[in-house]
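# got a predicted model here, sequence first, then my questions.
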Amino acid sequence: MNLAPGDTMETGGLTITLQTTIPAEQRGDGVMDKDQVTLRLDKNGSTDTRTVDEGDAFNWQGHHVAIVAVYAKKGDLGFGSTVIEAATVDSLPAEVARSTTANGPEHRLRVKHTLDKLTLHHSATPLNPGDDLAQKLINMQKWGESDRNWWDIPYHFIIALDGSVYEARDYHYVGDTNTRYNPRGHFLINCYGNYMTAEPNEAQLDTIVNLMAWAAAEYGISTDEIYGHGDLAQTSCPGANLQKYIDDGTFKRRVDDVLAKGQPRLQWLETME
């Protein structure tokens, strides 16, 4: 989960409060290559305060806590956020549970969730006719692994210019974000392109509607739970030219229309169940 100083997260009776972040250059102890955080830990009346380096992990009161990343420098993507993961020791593979480092994407938690929100994103990078979207997604995955420690692309489905769909992260698992909102429960659709400048076409809009309608029917999600990324965090995503269809109720009306005809069938998606 992405936390800013003062934020808390809870899991299995453990409450973690991020108290401070200290950029490496401000540490004053000669260690110039690692940011640092101070955490308060609370569980069942026990309390501890720990100062931990970025990339370190530790066990406390039956929980494994990993400081995956600290974005403490101005200009960092995700500036102000600290990525913290926590799980019970017993729920983790032994090599993860005993590790004193957060390690790479192979050790990131795969957190299952139940979908209850429909959330739209864009890539904020242009997509032009003839572009190799498959290669762009491979590059996105590699960047996420090397730069963010993500175990897969952070979204569940990616929509191309012609409305076709690329499967990304398994939607049974929580996505990732560079911003401070909790993506647990969010069905994450990314319409690839920059929709601050480009207009989505009808094929893309149809696909967005059909994906949302399928998830709404499959998981009993209210069409009042349709969001743009910017409704949840400080970002312009998914771009004004997509956000307007959320703000004016177009997506809600169109998804309701699809649902009124019965549960939509997306056979390629149902094979993932």
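Nice, thanks for sending it over.
# strands along the stretch 101-250 of the chain, start to end?
Along the stretch 101-250 of the chain, the stretches classed as strands by DSSP state E, counting those that start in this stretch are 117-122, 157-159, 165-167, 186-191, 226-228.
# what sits up against the fourth one?
Outside of strand 186-191, the residues that reach it under the criterion CB atoms under 8 Å, 6 or more residues apart in numbering are 115, 117-123, 154-159, 168-169, 171, 174-175, 200, 204, 208, 211-212, 215, 219, 221, 227, 238, 242. Backbone N, C-alpha and C define where each C-beta goes, glycine included.
# show the buried residues in those residues.
Burial by neighbour count, 16 or more other CB atoms under 10 Å: within those this picks out 115, 117-123, 154-159, 168-169, 171, 174-175, 200, 204, 208, 211-212, 215, 221, 227, 238, 242.
# so what's L133 up against?
By CB under 8 Å, 6+ apart, the contact list for L133 reads 127, 158, 160-161, 166, 192.
# next, format those residues as TSV and append pLDDT and distance to G6.
As requested, the contacts of L133 are exported to TSV (pLDDT from 0 to 100; distance: CB to CB, whole Å):
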residue	pLDDT	distance to G6
L127	93	38
I158	97	34
A160	96	40
L161	96	42
Y166	94	38
Y192	98	35
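# which of these lies closest to G45?
Closest approach to G45 among those (CB to CB): I158, at 46.3 Å.
# okay, and the beta partners of that closest one?
Y166, N190 (DSSP bridges).
# mind listing what it touches?
133, 137, 165-166, 168, 190, 192.
# same thing but at 7 Å, please
Under the criterion of CB atoms under 7 Å, 6 or more residues apart in numbering, the contact list for I158 reads 137, 166, 168, 190, 192.
# surely the third one touches W151?
No: shown here, A168 and W151 do not form a contact pair, counting by CB atoms under 7 Å, at 11.7 Å.
# what are the phi and psi values at E225?
Per-residue torsions, E225: phi -100, psi 40 (degrees, to the nearest 10).
# what is the neighbour count of it?
17 (other CB atoms under 10 Å).
# just to check, it is in contact with K117?
Yes: with contacts counted by CB under 7 Å, E225 reaches K117, the gap being 4.7 Å.
# okay, the longest helix along the chain in PDB with CA atoms only?
For the chain, the longest helix by residue count, based on DSSP state H, is helix 202-219. Output in PDB follows, covering the C-alpha atoms of helix 202-219 (Å, rounded to 0.1, in the frame of the first residue of the first chain):
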ATOM      1  CA  GLU A 202     -16.600   4.600 -30.500                       C
ATOM      2  CA  ALA A 203     -14.900   1.200 -30.600                       C
ATOM      3  CA  GLN A 204     -12.900   2.100 -27.400                       C
ATOM      4  CA  LEU A 205     -16.000   3.400 -25.700                       C
ATOM      5  CA  ASP A 206     -17.900   0.300 -26.500                       C
ATOM      6  CA  THR A 207     -15.200  -1.900 -25.100                       C
ATOM      7  CA  ILE A 208     -15.000   0.200 -21.900                       C
ATOM      8  CA  VAL A 209     -18.800  -0.100 -21.500                       C
ATOM      9  CA  ASN A 210     -18.800  -3.900 -22.100                       C
ATOM     10  CA  LEU A 211     -15.900  -4.600 -19.700                       C
ATOM     11  CA  MET A 212     -17.600  -2.500 -17.000                       C
ATOM     12  CA  ALA A 213     -20.900  -4.200 -17.600                       C
ATOM     13  CA  TRP A 214     -19.400  -7.700 -17.500                       C
ATOM     14  CA  ALA A 215     -17.700  -6.900 -14.200                       C
ATOM     15  CA  ALA A 216     -20.800  -5.200 -12.700                       C
ATOM     16  CA  ALA A 217     -22.900  -8.200 -13.500                       C
ATOM     17  CA  GLU A 218     -20.300 -10.800 -12.400                       C
ATOM     18  CA  TYR A 219     -19.500  -9.200  -9.100                       C
END
